[in-house]
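Undergrad: quick one: sequence plus predicted model below, questions after.
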Amino acid sequence: MCGRFSITLPSDAMAQLFNAVPANDLPDVPNYNVCPTNAVHVVSTLDGQRRLTAMRWGFIPHWYKKPNDGPLLINARSETIAEKPAFRAACRARRAVIVASGFYEWTRDGDARLPWYIRRSDGAPLAFAAIWQDWTVKGETEGMRTAAIVTTGANAPMSAIHHRMPVILEPGDIPLWLGEQGKGAATLMRAATDDTLYWHRVDKSVNSNRASGPDLIEPIDPSLT
């Protein structure tokens with residue numbers, strides 16, 4: 001699962017890293033507490049060109065009459081994505097990458113929710129496999145572009161924190177996921193290798209979706225909390 005993340009990479013650096021043309025209305029960075037329904041940085045291939053655009057994090061199926069007409073779909077399970085009516089068309093034709101610097105996950109100690117910050121061990125940005133969907137209110141011409149992160153079962157180390165994890169694409173996997181190299185993207189919907197991620201405890205202030213600032217990702221000594 002992925003329910004909150006950070007993005008600290010400048011937009012122009014993202015565009016260069018993913019060889020994408022940036023839009024003019026990208027979300028502000030850095031953001032150390034990206035929450036569901038926020039606008040996020042998304043790489044997709046449209047009309048043969050890679051683009052870096054803003055999309056709402058929270059996939060809205062076309063039959064929703066309003067954004068909150070059903071569950072908030074921030075994640076799509078890899079095991080069922082090709083079968084679920086909400087996701088199956090997007091899985092075939094509208095795949096994308098959501099860019100992040102790290103993400104948060106929580107464990108429990110009694111009644112306490114203990115937050116962890118998770119990033120790539122090599123320090124590179126995270127490329128989450130994602131799908132997207134245009135959603136428009138019936139009778140209106142303007143709508144919004146929405147996205148969800150694809151998740152899978154956690155690898156062995158990550159399972160100590162949570163049983164699910166985002167599908168994390170390696171640089172060489174991105175053309176296939178974006179549909180630039182033909183078929184076979186389903187093979188990418190798997191857990192990252194055991195040495196891909198590193199994590200540390202962070203302050204409980206991130207438990208609030210209103211928290212902000214670089215202190216949210218700073219490591220703390222778990223014994224002092």
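TA: Structure received.
Undergrad: can you pull the buried residues of stretch 111-128?
TA: Neighbour counts using 16 or more other CB atoms under 10 Å place 114-120, 125-128 of stretch 111-128 among the buried residues. No exception for glycine: its C-beta is placed from N, CA and C like everyone else's.
Undergrad: which of the residues you listed fall within strands?
TA: Residues of the buried residues of stretch 111-128 located in strands (DSSP state E): 114-120, 126-128.
Undergrad: circling back to that earlier point, just the buried residues of stretch 111-128 now: which is nearest residue 63?
TA: Taking CB to CB as the measure, residue 63 lies nearest residue 128 of these, at 25.3 Å.
Undergrad: for that closest one, name its beta-bridge partners.
TA: residue 98, residue 168 (DSSP bridges).
Undergrad: where does the chain have low pLDDT?
TA: Along the chain, the model assigns pLDDT under 70 to residues 139-141, 223-225.
Undergrad: three-state assignment of the nearest residue to residue 121 once chain neighbours are set aside?
TA: Nearest residue to residue 121, sequence neighbours excluded (CB to CB, 6 or more residues apart in numbering): residue 198, at 4.5 Å. Put simply, residue 198 is strand when judged by DSSP: H, G, I helix; E, B strand; the rest coil.
Undergrad: what is the neighbour count of residue 198?
TA: 14 (other CB atoms under 10 Å).
Undergrad: tell me the spacing between it and residue 169.
TA: Distance of residue 198 to residue 169, given as CB to CB, to the nearest Å: 18 Å.
Undergrad: swap in residue 204?
TA: 31 Å.
Undergrad: more neighbours: which of these two?
TA: Shown here are residue 204 and residue 169; by other CB under 10 Å, residue 169 has more neighbours (23 against 15).
Undergrad: wait, doesn't that one sit right on residue 127?
TA: Yes: here residue 169 reaches residue 127: they are 4.4 Å apart, a contact under CB atoms under 8 Å.
Undergrad: checking residue 16 next. Helix, strand or coil?
TA: With three-state DSSP as the criterion, residue 16 reads helix.
Undergrad: quickly note the distance from it to residue 173.
TA: 19 Å.
Undergrad: neighbour-wise, which of the two wins?
TA: residue 173 (18 against 13).
Undergrad: show the contacting residues for residue 147.
TA: Listed by CB atoms under 8 Å, 6 or more residues apart in numbering, the contact partners of residue 147 are 40, 42, 55-59, 96, 98, 130-133.
Undergrad: does it lie in a helix or a strand, and which?
TA: strand 144-153 (DSSP states H and E).
Undergrad: can you list the strands that that strand pairs with?
TA: Here, using DSSP bridges, strand 144-153 pairs with strand 49-57 (parallel), strand 75-77 (parallel), strand 126-135 (antiparallel), strand 164-166 (antiparallel).
Undergrad: save these as JSON lines, and put in distance to residue 28 too.
TA: What follows is the strands paired with strand 144-153, written out as JSON lines (distance: least, CB to CB, whole Å):
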{"stretch": "strand 49-57", "distance to residue 28": "10"}
{"stretch": "strand 75-77", "distance to residue 28": "24"}
{"stretch": "strand 126-135", "distance to residue 28": "19"}
{"stretch": "strand 164-166", "distance to residue 28": "22"}
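Undergrad: for residue 91, find the nearest of those.
TA: Nearest to residue 91 among the strands paired with strand 144-153 is strand 126-135 (5.8 Å), distances taken as CB to CB.
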